[in-house]
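1. What follows is a predicted protein model with its sequence.
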Amino acid sequence: MSGFWSKVGAKISTFLVWALDSHPGKFLGTSLGFLLGLLLVTLGFWRTLVVTTFSVLGFFLGKRQDDYKDISTWFEKTFNKF
């Protein structure tokens, strides 16, 4: 039985590599849509909105860190407006 599952895993990984190479936008959009729908069904609208907001904020802060930009200047610039 383990030979069967290893073949299934190999076919799935081959498909995922092909999908990422051939259609990266469609693959990413479908994956994000599926994840968002799953979160909406399991958590509800407002909790999904909070999780999505913090995920996007974390992405942008991580991107700034990866680009070697100082995060503290972004915080000062963003929150000193208030």
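-> Sure, I can see it.
2. contacts, neighbours, all on C-alpha from now
-> OK.
3. and this protein, what are its domains?
-> Listed domain ranges for the chain are 1-43, 44-82 (source: automatic domain parsing).
4. check which helix or strand covers the residue nearest in space to the middle of the chain.
-> Nearest residue to the geometric centre of the chain (CA atoms, centre = their mean): Leu32, 6.6 Å. Using DSSP states H and E, Leu32 maps to helix 24-43.
5. just checking, what packs against that helix?
-> On a contact count with 3 or more CA pairs under 8 Å, 6 or more residues apart in numbering; DSSP states H and E, helix 24-43 meets helix 45-66.
6. Now do the helix it packs on and helix 24-43, the angle between them.
-> Relative orientation of helix 45-66 versus helix 24-43 (axes from the mean of the first three to the mean of the last three CA atoms, to 10 degrees): 140 degrees.
7. Determine the set of other helices and strands touching whichever helix or strand comes after helix 45-66.
-> With elements assigned by DSSP H and E, the helix or strand that comes after helix 45-66 is helix 71-79. Helices and strands in packing contact with helix 71-79 are listed as helix 45-66; criterion 3+ CA pairs under 8 Å, 6+ apart.
8. Kindly reformat the domains of the chain as JSON lines containing mean pLDDT.
-> Formatted as JSON lines, these follow (pLDDT from 0 to 100):
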{"stretch": "domain 1-43", "mean pLDDT": "91"}
{"stretch": "domain 44-82", "mean pLDDT": "82"}
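9. Now do the buried residues in the helix holding Leu32.
-> Across helix 24-43, burial judged by 16 or more other CA atoms under 10 Å covers Leu36, Leu39.
10. now swap in stretch 7-16 and tell me
-> For stretch 7-16, it's none, nothing buried (16+ other CA under 10 Å).
11. CA atoms only for it, dumped as CSV, please.
-> What follows is stretch 7-16, C-alpha atoms only, in CSV (Å, rounded to 0.1, in the frame of the first residue of the first chain):
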residue,chain,number,x,y,z
LYS,A,7,3.0,7.2,-6.6
VAL,A,8,0.1,9.4,-5.7
GLY,A,9,2.4,11.9,-3.9
ALA,A,10,4.8,11.9,-6.9
LYS,A,11,1.9,12.7,-9.3
ILE,A,12,0.6,15.4,-7.1
SER,A,13,4.0,17.1,-6.7
THR,A,14,4.6,16.8,-10.4
PHE,A,15,1.2,18.5,-11.0
LEU,A,16,1.9,21.3,-8.5
